[in-house]
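In: Sequence and predicted structure are below.
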Amino acid sequence: MRMYRGLLFDLDGVLVDTAKYHYLAWKEIAGRLGIVFTPKDNERLKGVSRMRSLEILLEIGGRKLDRKAKEQYCEEKNRIYLNHIRRLERSALLPGVREFLRDARKKGYLLALGSASRNASLILDRLELNACFDAVIDGNAVSKAKPDPEVFRKGAQALGLKPRECIVFEDAPAGIEAAHAGGMRAVGIGSREGLPEADGILAGFAGVRIEAVEAMLAGGDGAAGNPAGSGFAFGEGSPVGQ
Ligand code: B16
Ligand code: MG
């Protein structure tokens with residue numbers, strides 16, 4: 001019998017590469033604040049809320065702002081980000097994503113989005129992905145940001161499933177932590193070095209089918225009930241489940 005019935009997807013860095021647009025927008029804000037901001041610094045902003053991202057940027061630059069100024073900078077960052085996003089096309093979807101979602105739906109899995117972004121609906125529209133999801137939980141629907149499990153718990157609830165029936169796909173350490181705190185298995189999208197706590201790793205979705213993900217989570221160290229942080233990794237160039 002199948003162990004899992006629902007799949008919960010993060011958006012930025014899992015389905016679509018919007019991280020570069022977040023980076024460009026924050027870099028512009030950093031420039032206005034006289035803060036040097038590098039791609040390495042940007043890694044710290046992945047998966048965290050807009051306000052928390054600004055706070056990290058201010059920490060990097062050793063700057064402090066009052067609440068009103070912080071809100072203004074967040075609004076300004078979003079304006080810059082949206083200018084990029086409005087030009088987003090279907091082709092911005094990461095390789096294999098559309099096929100993976102379609103295949104999983106056909107096999108009866110319920111799908112939900114669990115993203116920190118308040119722009120998730122707009123991005124799903126631009127990518128013509130809205131119809132793929134049974135539920136969308138985004139930054140507008142939660143009060144606590146990842147690593148709090150709220151976004152994934154609400155996703156599982158919206159699908160009518162128990163946490164242990166769901167697999168979370170995440171590219172950020174805060175998201176892997178959120179999945180585990182919510183009682184769910186977490187597949188990291190990226191590398192084992194970047195996501196040491198994930199129950200399994202995929203370099204991406206190209207050539208991957210859901211059966212291979214289930215096998216990865218059930219096999220060897222990744223078996224259900226074993227401590228998180230173990231699990232298999234499928235590296236680039238060795239797609240599975242074809
Ligand atoms: P917004 P995810 C996250 O999306 C991004 O990874 C993170 O960099 C961003 O700050 C956050 O959304 C908020 O986004 O400014 O659009 O509300 O990875 O959880 O899908
Ligand atoms: Mg992400």
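Out: Good, I have the coordinates. Ligands and ions are numbered 1, 2, ... in the order given.
In: And the pLDDT at residue 228?
Out: Predicted confidence (pLDDT) for residue 228: 35.
In: Oops, could you answer that again for residue 40 instead?
Out: With respect to pLDDT, residue 40 has a value of 91.
In: for it, what are its contacts?
Out: Under the criterion of Cβ atoms under 8 Å, 6 or more residues apart in numbering, residue 40 has no neighbours. No exception for glycine: its C-beta is placed from N, CA and C like everyone else's.
In: where do the strands sit along the protein?
Out: Along the chain, the segments classed as strands by DSSP state E run 6-9, 110-114, 135-137, 166-170, 185-189, 200-202, 233-234.
In: Tabulate these (CSV), appending mean neighbour count.
Out: Listed next are the strands of the chain as CSV, based on neighbours: other Cβ atoms under 10 Å:
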stretch, mean neighbour count
strand 6-9, 26
strand 110-114, 25
strand 135-137, 21
strand 166-170, 27
strand 185-189, 26
strand 200-202, 26
strand 233-234, 18
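In: Make TSV out of those and add mean pLDDT and distance to ligand 1.
Out: Below are the strands of the chain laid out as TSV (pLDDT from 0 to 100; distance: least, Cβ to the nearest ligand atom, whole Å):
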stretch	mean pLDDT	distance to ligand 1
strand 6-9	98	9
strand 110-114	98	7
strand 135-137	97	10
strand 166-170	98	8
strand 185-189	98	10
strand 200-202	97	16
strand 233-234	48	21
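In: could I get those as CSV with distance to ligand 2?
Out: Below are those laid out as CSV (distance: least, Cβ to the ion, whole Å):
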stretch, distance to ligand 2
strand 6-9, 9
strand 110-114, 10
strand 135-137, 14
strand 166-170, 6
strand 185-189, 8
strand 200-202, 14
strand 233-234, 19
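In: Perfect, I'm done here.
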